[in-house]
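Colleague: give the three-dimensional model of this entry:
(2 chains)
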Amino acid sequence: MSAPVIPGNSEREAPVRRSDRAGESVALRHRAKLWHVLLIPLCLVWVYPFIWVATSAFKSQREMFLGGIGLIPEEFTLDNITRAWDTAGFASYTINTVVFSLGVVAVVLFVSATAGYALGRGDIPGKKIIVGILIATMFIPDGYTIIPVFVLVDSLGLNNNLTGAVLAAAGPVHVVPILLFMGYFAGLPQDLEEAARMDGAGFLRIFWRIMLPLAQPVIGTVALFRFIGAWNAFLVPLVFTLGRPDLRTLGVGMYSFFGSDTTDWAGLAAGALISLIPVIVVFLLLQRTFIEGMAGAVKS
Amino acid sequence: MNVAEVTDASGRTAAAGGGPARRKARKAEKLRTRMRKHAWHYVFLVPMTVLFLSFTLWPMVASWWYSLYDWGGIGPPSEWVGFGNYQEVLSSPAFWNAFRISLIFSAVAIFVQLPLALVMAVILNNPRLRGRNLYRLLIFLPVVTTTAVVGIVFAMILDPAGGIVNEVMSRSGLIDEPINFLGSESTALPTLLGIDLWKGFGITMVYWLAALQTVPSELYEAARVDGASARQTLLRVTIPVLAPLAIVILLLTFQTSMAPFDLVQATTQGGPNFSTDVMSTYIYRYAFDPSFSASRYGFASAAGVVFGIFMLILTLMQAPLLRKRYERRGK
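Modeller: Prediction:
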């Protein structure tokens, strides 16, 4: 109740303090506070779908069916989690997703680190042309070439196989990681290489033992982005597991669960929880790297 | 140049000095050494080149090739139909419907998401606002989550029979009968556009925040000394400095807006009655959907080629703007 008095006070004092910087910043800080009135409800609505998942996953099926609006489950149950994990196949979906994501990360890291090193160190003939082609491919819209990719992987005998899905997801050249590695390797001092060569280290040894460990920040950024990207991938794992339900990833598994059983909302919420928790945890732990990496896309 | 010198220094000193023949031999030797030295570099380019040729270049070429055949994916393409698929694509109302809806997704991303994200970025860039990092984090959170999964979550939240949104609205007397958000032709597309905006908003906001960091703080200081209001500062200082970066953000947002496959497929599969069908779900249906008729790779490829060309044109239209920015920065 004392709250209205305070603005009144400061209003009266404002003319006196107008030239005073401290007073001005107090006023501005009050104005900044007003934003919370808008931002707090907005953010709650914004993340509500996640709150819904986190609470519905622990509600009983009966409570969900009767239209459970309450935020806190009336009776807390782990049934949905176990049902999703065991019966609905989310245990194997999780393993598949981990394998798929790590596979994509490994392939992308291998390809972009080697290519970035080759292009970043030692001005090789043809470098400009290669980089030019790479940058040009960034402008070509992707996602409409899934049919030839599917036919290619299928002809390699890798359809209905996680290796095929990894190849299809990691195969189309990832230009940004290559350019990141290239820029980083190019910035490392020449002396390092000289000294190592003096000591008799060969090309591979210099790359593996000296340069690659130094590129850890780039490795981290690329791995994080590709991991989250692969974890969330949908089209490629969907297309490559059409004939093998047991190889589905979490996104695809969730999709088929929803298609086959649209009424088990508590179970679906548990499935969503299992799918989302790992990626959200990874993000929260490494958010700084993630957001800085994205911001870099604008500045460069 | 540097490399050549290095090679020279580490090369055989025995070849140094002597007549023209020897110099020639030395040159050849130098080239060989140089090539041998770079051999490893080229070896390191092999993985990228193999993948580039097979997964980037070949699919583009193959799309064109397949599109000229009536082909269901069994055996090699054999039934040549020339531009028959293209004729069918271009005269198909369903194709243009999906085409139009894809463009609507892009348009909302550019004309709604982009400015709204800028407003939010400006609000959250205020250093006096406490907890701004938490707000940023919460608004960014949807970006890292699996689109297909959150799409299904939305389908449950928005369900007309027992979904919490309808439940709350009818209990509070806002509506008389439940709204079938994703199940009726009039509301499905706006609903998906809203979810898509929610999902991508954080990316654009982070881009804007990064751009805002490039505004020199002295400019703000000068504006403050001159007694500029917050709005004046925004219009006269912030926006002019942001303009060149805005082009990059526009391009990045445009590129990510072109792939709403996950969301649409997970929630409506393009329905009801194709009111949310986008290009990628259209192509998927003709090529892979097990519940649809036999696969039509040729036809679907033709649709992909037509749409791909159109998107390339739209992207290239933005390229001159981009070049202008780099030229300005180069000076």
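
Colleague: B:Pro260 versus B:Phe299, what's the distance?
Modeller: In this structure, B:Phe299 and B:Pro260 are 22 Å apart, going by Cβ to Cβ, to the nearest Å. C-beta: built from backbone N, CA, C; applies to glycine.

Colleague: then A:Leu285?
Modeller: For A:Leu285, the distance to B:Pro260 under the criterion Cβ to Cβ works out to 29 Å.

Colleague: who's more crowded, these two?
Modeller: For A:Leu285 and B:Pro260, the more surrounded residue by other Cβ atoms under 10 Å in any protein chain shown is B:Pro260, and the numbers stand at 28 against 11.

Colleague: can you pull the contacts of that one?
Modeller: Applying Cβ atoms under 8 Å, 6 or more residues apart in numbering or on different chains, we find B:Pro260 in contact with B:Ser102, B:Phe105, B:Leu192, B:Asp196, B:Val278, B:Ser280.

Colleague: hmm, 7 Å instead?
Modeller: Under the criterion of Cβ atoms under 7 Å, 6 or more residues apart in numbering or on different chains, the contact partners of B:Pro260 comprise B:Phe105, B:Asp196, B:Val278.

Colleague: domain boundaries for chain A, per the record?
Modeller: Taking automatic domain parsing as the domain assignment, the record places the domains of chain A at A:5-80, A:88-299.

Colleague: could you single out the most deeply buried of those?
Modeller: domain A:88-299 (a mean of 19; mean count of other Cβ atoms under 10 Å in any protein chain shown).

Colleague: how far does it sit from the chain's center?
Modeller: Shown here is domain A:88-299, whose average C-alpha point lies 10 Å from the average C-alpha point of the whole chain (Cα atoms, centre = their mean, to the nearest Å).

Colleague: so what's B:Leu141 closest to, chain neighbours aside?
Modeller: For B:Leu141, the nearest residue in space outside its immediate sequence neighbours is A:Val47; the separation is 6.1 Å by Cβ to Cβ, 6 or more residues apart in numbering or on different chains.

Colleague: find the residue ranges of the stretch 1-150 of chain B scoring beneath the pLDDT cut-off.
Modeller: Judged against pLDDT under 70, the low-scoring parts of the stretch 1-150 of chain B cover residues B:1-20, B:31-32, B:34-37.

Colleague: same thing but 50
Modeller: Applying pLDDT under 50 to the stretch 1-150 of chain B flags residues B:1-17.

Colleague: go on, chain A?
Modeller: Per-residue confidence for chain A (pLDDT under 50) gives these ranges: A:1-22.

Colleague: let me know the secondary structure of the closest residue to chain A within the stretch 151-300 of chain B.
Modeller: For the stretch 151-300 of chain B, the residue positioned closest to chain A under Cβ to the nearest Cβ is B:Ala210, at a distance of 3.4 Å. When classified by DSSP: H, G, I helix; E, B strand; the rest coil, B:Ala210 comes out as helix.

Colleague: any idea how far B:Glu88 is from it?
Modeller: Going from B:Ala210 to B:Glu88 by Cβ to Cβ gives 45 Å.

Colleague: before we move on, what about B:Met279?
Modeller: For B:Met279 relative to B:Glu88 (Cβ to Cβ), the value is 16 Å.

Colleague: ok, these two, which is more surrounded?
Modeller: In this comparison of B:Met279 against B:Glu88, neighbours counted by other Cβ under 10 Å, the higher total goes to B:Met279 at 29 against 17.

Colleague: how about stretch A:253-267 as CSV, C-alpha atoms only?
Modeller: Taking C-alpha atoms only, stretch A:253-267 is exported to CSV below (Å, rounded to 0.1, in the frame of the first residue of the first chain):
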residue,chain,number,x,y,z
GLY,A,253,9.3,-41.9,-32.5
MET,A,254,7.3,-39.1,-31.1
TYR,A,255,5.7,-38.5,-34.4
SER,A,256,4.6,-42.2,-34.9
PHE,A,257,3.5,-42.4,-31.2
PHE,A,258,1.3,-39.4,-31.8
GLY,A,259,0.0,-40.9,-35.0
SER,A,260,-0.9,-44.3,-33.5
ASP,A,261,-2.1,-43.2,-30.1
THR,A,262,-3.5,-39.7,-30.0
THR,A,263,-5.3,-40.1,-26.7
ASP,A,264,-2.5,-41.0,-24.4
TRP,A,265,-1.5,-37.5,-23.6
ALA,A,266,0.3,-38.3,-20.4
GLY,A,267,2.4,-40.8,-22.2
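
Colleague: for residue 265, give me its contacts.
Modeller: Here I'm looking at chain A. Shown in contact with A:Trp265 (Cβ under 7 Å, 6+ apart): A:Ser56, A:Met64, B:Met156.

Colleague: let me rephrase: I mean chain B.
Modeller: If a contact means Cβ under 7 Å, 6+ apart, then B:Gln265 has B:Thr281, B:Tyr284 as its contacts.

Colleague: that one: which element?
Modeller: Using DSSP states H and E, the secondary-structure element containing B:Gln265 is helix B:261-267.

Colleague: and what of B:Ala107?
Modeller: Taking DSSP H and E as the definition, one finds B:Ala107 inside helix B:93-108.

Colleague: which strands and helices sit next to that helix?
Modeller: Contact analysis of helix B:93-108 by 3 or more Cβ pairs under 7 Å, 6 or more residues apart in numbering or on different chains; DSSP states H and E lists helix B:185-212, helix B:239-257, helix B:279-287 as its packing neighbours.

Colleague: pick the most deeply packed of these.
Modeller: Among the helices and strands packed on helix B:93-108 - counting mean count of other Cβ under 10 Å - the highest mean neighbour count belongs to helix B:279-287, which has a mean of 25.

Colleague: just the residues contacting it, thanks.
Modeller: If you take Cβ under 7 Å, 6+ apart as the criterion, helix B:279-287 is touched by A:143-144, A:147, B:95, B:98-99, B:102, B:259, B:261, B:264-265, B:269-270, B:292, B:295-297, B:299-300, B:303-304, B:307.

Colleague: try 8 Å this time
Modeller: By Cβ under 8 Å, 6+ apart, the residues outside helix B:279-287 that reach it are A:143-144, A:146-147, A:150, A:235, A:239, B:73, B:94-95, B:98-99, B:102, B:259-261, B:264-265, B:269-270, B:292, B:295-297, B:299-300, B:303-304, B:307.

Colleague: what of stretch A:181-195?
Modeller: Defining contact as Cβ under 8 Å, 6+ apart, one finds that stretch A:181-195 is touched by A:112-113, A:115-117, A:119-121, A:131, A:206, A:210-211, A:214-215, A:217-218, A:222, B:2, B:6.

Colleague: at 6 Å instead, please
Modeller: Where contact means Cβ atoms under 6 Å, 6 or more residues apart in numbering or on different chains, the residues beyond stretch A:181-195 that reach it are A:Ser112, A:Ala113, A:Gly116, A:Tyr117, A:Leu119, A:Gly120, A:Arg121, A:Ile206, A:Ala215, A:Val218.

Colleague: nearest to chain B, out of those residues: which one, please.
Modeller: Proximity of the contacts of stretch A:181-195 to chain B (Cβ to the nearest Cβ) peaks at A:Tyr117, which lies at 5.8 Å.

Colleague: in JSON lines: the helices and strands packed on helix B:93-108, plus mean pLDDT.
Modeller: Compiled in JSON lines, the helices and strands packed on helix B:93-108 are given as follows (pLDDT from 0 to 100):
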{"stretch": "helix B:185-212", "mean pLDDT": "92"}
{"stretch": "helix B:239-257", "mean pLDDT": "82"}
{"stretch": "helix B:279-287", "mean pLDDT": "91"}
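
Colleague: of all those, which one is nearest A:Met254?
Modeller: Smallest distance to A:Met254 across those (Cβ to Cβ): 15.5 Å, for helix B:185-212.

Colleague: give me the neighbour count for the closest residue to A:Thr145 other than its chain neighbours.
Modeller: Ranked by Cβ to Cβ, 6+ apart and with sequence neighbours excluded, the top spatial neighbour of A:Thr145 is B:Pro59, at 3.6 Å. Using other Cβ under 10 Å, B:Pro59 has 24 other residues around it.

Colleague: roughly how far does B:Pro59 sit from B:Phe99?
Modeller: Using Cβ to Cβ, one gets 21 Å for the distance from B:Pro59 to B:Phe99.

Colleague: A:Leu180 looks like it's in a helix, true?
Modeller: Yes. The assignment for A:Leu180, made by three-state DSSP, places it in a helix.

Colleague: that concludes my questions; thank you for your assistance.
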